[in-house]
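Asker: whatever this is, show me its structure:
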Amino acid sequence: MEDEFLERVHGIVQCTAATVDTKGRPRSRIWHPIWEGKTGRIANNRTTLKTRHLARNPYLSLCYLDQGDPWRPRETRLRRLPRRVGRYGRGQTQDVGDVRARTQPLGYDPARIWGGVENPEFGVLVLRPWRVELVDGPGESRVWRA
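Answerer: Coordinates of the predicted model:
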């Protein structure tokens, strides 16, 4: 299912992300995650409203919708990266600016937004899905759970 999910979302690129605000209300926004296997990354500002929402409740739902095609939901739990550039998760080191290396439209240069990955406002959210649902048609779906 992983390969099929990646094929579908790489064709759509952007998704709707739903978080929960500090009063327990849902909030939606458009995000551009970069997926490599079962791990997603979203570049973001460290001091935004959504950052405060995710600090309180690290769960979010991502939904991909292709014109005339079924929804591609993926529920995930957020893990924030440490402040140090290039370092994340359990001792693994990778370039957080690696979103630049992707071909368009999947990748983009974070310098266009933050001036560079050294900017203290630049951050990367790491997504680890706990549930993936692929909808194949009306009433037809497959679900993967971690």
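
Asker: so V126 is in which element?
Answerer: Using DSSP states H and E, V126 maps to strand 122-137.

Asker: partner strands of that strand and their direction?
Answerer: strand 39-45 (antiparallel), strand 71-80 (antiparallel), strand 140-145 (antiparallel) (DSSP bridges).

Asker: check those strands for me: which has the lowest mean pLDDT.
Answerer: Lowest mean pLDDT within these: strand 71-80, a mean of 52.

Asker: for the most centrally placed residue in the chain, what are its contacts?
Answerer: Note on the chain: the residue nearest the mean C-alpha position is P33, at 3.8 Å, using Cα atoms, centre = their mean. Shown in contact with P33 (Cβ atoms under 8 Å, 6 or more residues apart in numbering): 15, 40-42, 62, 127. For glycine as for every other residue, the C-beta is placed from the backbone atoms N, C-alpha and C.

Asker: how much space separates it from N119?
Answerer: Counting by Cβ to Cβ, to the nearest Å, the separation of P33 from N119 is 20 Å.

Asker: ok, A17 next?
Answerer: Plainly put, A17 is 22 Å away from N119 if you go by Cβ to Cβ.

Asker: more crowded one of these two?
Answerer: Ranked by neighbour count (other Cβ atoms under 10 Å), A17 and N119 place A17 first, with 23 against 15.

Asker: sketch out the strands for this protein, chain order is fine.
Answerer: Using DSSP state E, the strands of the chain run over residues 15-20, 26-31, 34-36, 39-45, 59-65, 71-80, 87-88, 92-93, 122-137, 140-145.
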